[in-house]
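Participant: Below are the sequence and a predicted model for it; my questions follow.
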Amino acid sequence: MITLVTGTTGQVGRRFVPRLLGQTRPGERVRVLVRDAARGEPFAALGAEVAVGDLRDEEALGKAVAGADAVVNVAAAFRGVPDEEAWAVNRDAAVALGKAALTAGVRRFVQVSTGNVYGTGRGRPLTEEDESRPGGELWGAYPESKAAAERELLALAGAMEVRIGRLPFVYGEGDPHLAAVMRWAVNWAPAQRLQMAHHADVGQGLMRLLYAPAVGGPLYNIADDAPVTTDELYRLNGVEMPADQHTRTDPDPWFGIMSNQRIRRDLGFRPIYPSVWTARDAGAL
């Protein structure tokens, strides 16, 4: 079995690939797609095959998926990129990769998506049955482009099985996200909550989607058990909350709060770090 992974130099990909390599069995190989050979050297040192090419180059995609049995598409463009780049990477390149994989005879395609595709809250934890209502200014075109990619990739499903993992806010293992989130948290109410998942649990969830012989549905939320409040984010970062922030209220208490019950039930997922406090106490931040 050959598994191709894209987006391997991002915060999620660079932590996922070593985990995937660490669990390969005899006869299984991992191939990474990188834009230049130098970026692939750390993965080659761990035993990965390296394919060099741009995700937006269809010829390079065809070469990268040749002989592969599965694809995990981690690549994404977000956080301040122009909208046209978000659409080009998150939708256009993802769909082109899906089509190349289908043509090459790939059996399973795992798409890494985001809980932001849900949009507004529903007055309860968001489930995979909820429709996508992406929008809002915070992430630009990121949620809409990811939702569009989901729809178009699922339309390709048939001979190739498509599975989608929706991620919340990802943190841990030296990822700067936990500190960077404070640039937005200054505008939030103290009790406003942020759904999270540690990199170890993202890796666990994606490998379950990759390897499970059968799943109950194509969509799965990968999330921990205990969203963190704005007040807790300040404490985790060792920063004092401004006094005037305590007067703010949360306009949508269920925005981004995701249920992990489907992946628990179907695939046996259990968060290694059920909350960010568990990860902090374990020294895994």
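Facilitator: Looks like it came in fine.
Participant: just the CA coordinates of stretch 69-89, formatted as PDB?
Facilitator: Coordinates of each C-alpha in stretch 69-89 appear next as PDB, following Å, rounded to 0.1, in the frame of the first residue of the first chain:
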ATOM      1  CA  ASP A  69      -3.500   3.300  -3.100                       C
ATOM      2  CA  ALA A  70      -4.600   6.100  -0.900                       C
ATOM      3  CA  VAL A  71      -4.300   9.900  -0.600                       C
ATOM      4  CA  VAL A  72      -4.400  12.200   2.400                       C
ATOM      5  CA  ASN A  73      -4.900  15.800   1.300                       C
ATOM      6  CA  VAL A  74      -3.700  18.000   4.200                       C
ATOM      7  CA  ALA A  75      -2.800  21.000   2.000                       C
ATOM      8  CA  ALA A  76      -4.700  24.200   2.800                       C
ATOM      9  CA  ALA A  77      -4.400  28.000   2.300                       C
ATOM     10  CA  PHE A  78      -5.800  30.200   5.100                       C
ATOM     11  CA  ARG A  79      -5.100  32.900   7.700                       C
ATOM     12  CA  GLY A  80      -4.700  36.000   5.700                       C
ATOM     13  CA  VAL A  81      -4.100  34.700   2.200                       C
ATOM     14  CA  PRO A  82      -5.900  36.400  -0.700                       C
ATOM     15  CA  ASP A  83      -9.300  34.900  -1.500                       C
ATOM     16  CA  GLU A  84      -8.200  33.800  -5.000                       C
ATOM     17  CA  GLU A  85      -5.300  31.800  -3.400                       C
ATOM     18  CA  ALA A  86      -7.700  30.100  -1.000                       C
ATOM     19  CA  TRP A  87     -10.000  29.100  -3.800                       C
ATOM     20  CA  ALA A  88      -7.000  27.900  -5.900                       C
ATOM     21  CA  VAL A  89      -5.600  25.700  -3.200                       C
END
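Participant: Buried residues, it. List them.
Facilitator: Neighbour counts using 16 or more other C-beta atoms under 10 Å place 69-78, 81, 85-89 of stretch 69-89 among the buried residues. In short, each C-beta sits where N, CA and C put it, glycine included.
Participant: which residues sit against that stretch?
Facilitator: Stretch 69-89 has contacts (C-beta atoms under 8 Å, 6 or more residues apart in numbering) with 1-8, 10, 12-13, 16, 20, 55-56, 65, 90, 93-94, 97-98, 101, 106-112, 114, 139-142, 145-146, 148, 206, 210.
Participant: repeat that with 6 Å
Facilitator: 1-7, 12-13, 55, 90, 94, 97, 101, 106-112, 140-142, 145 (C-beta atoms under 6 Å, 6 or more residues apart in numbering).
Participant: Let's see which of the buried residues of stretch 69-89 end up in helices.
Facilitator: Using DSSP state H, 85-86 are the members of the buried residues of stretch 69-89 that sit in helices.
Participant: List just the nearest of the buried residues of stretch 69-89 to Thr230.
Facilitator: Distance to Thr230, by C-beta to C-beta, is smallest for Phe78 among the buried residues of stretch 69-89, at 21.0 Å.
Participant: got the contact list for Thr229?
Facilitator: Contacts of Thr229 (C-beta under 6 Å, 6+ apart): 191, 193.
Participant: that older thread, which pair in the buried residues of stretch 69-89 spans the largest distance?
Facilitator: Asp69 and Val81 (31.4 Å).
Participant: Pro271 versus the closest residue to Tyr220 other than its chain neighbours, what's the distance?
Facilitator: Spatial nearest neighbour of Tyr220, excluding adjacent residues (C-beta to C-beta, 6 or more residues apart in numbering): Ile263 at 4.5 Å. Distance, Ile263 to Pro271, by C-beta to C-beta, to the nearest Å: 10 Å.
Participant: Walking through the stretch 101-250 of the chain, point out its helices one by one.
Facilitator: 142-156, 177-180, 182-185, 199-211, 230-236 (DSSP state H, counting those that start in this stretch).
Participant: Tell me which of the ones you listed approaches Ser275 most closely.
Facilitator: It's helix 230-236; of the helices of the stretch 101-250 of the chain, that one is closest to Ser275 (C-beta to C-beta) at 9.3 Å.
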